[in-house]
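Visitor: Based on what follows, work out the 3D shape:
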Amino acid sequence: MNRVHDLGKLIKLTGDRAKLDAKANGTYIVYKTPDGQFVKEYSNGEVERINEQDIYHE
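Guide: As a prediction, the model looks like this:
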């Protein structure tokens, strides 16, 4: 198999698993959209944008 294809498949499976874990724990996942915006996606399908001032590094 193609390594790039395999990597893409693993990344997708990781995201799917994160969504399942978020649903089981009543929380959300955070990811960056293709247009560069960070969002929170809740288990009910609601998507909330995260403002840049809400993102900080410790």
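Visitor: which regions of this structure lie under the pLDDT threshold?
Guide: Applying pLDDT under 70 to the chain flags residues 1, 54, 56-58.
Visitor: Show me the strands in it, by range?
Guide: 28-32, 38-42, 47-49 (DSSP state E).
Visitor: For those strands, give me CSV that also has mean neighbour count and distance to residue 6.
Guide: Bear in mind the C-beta positions are built from the backbone N, C-alpha and C, glycine included. Below are those laid out as CSV (neighbours: other CB atoms under 10 Å; distance: least, CB to CB, whole Å):
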stretch, mean neighbour count, distance to residue 6
strand 28-32, 14, 21
strand 38-42, 15, 25
strand 47-49, 11, 29
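Visitor: Show me the one of those strands that comes nearest residue 19.
Guide: Residue 19 lies closest, by CB to CB, to one member of the strands of the chain: strand 28-32, at 6.0 Å.
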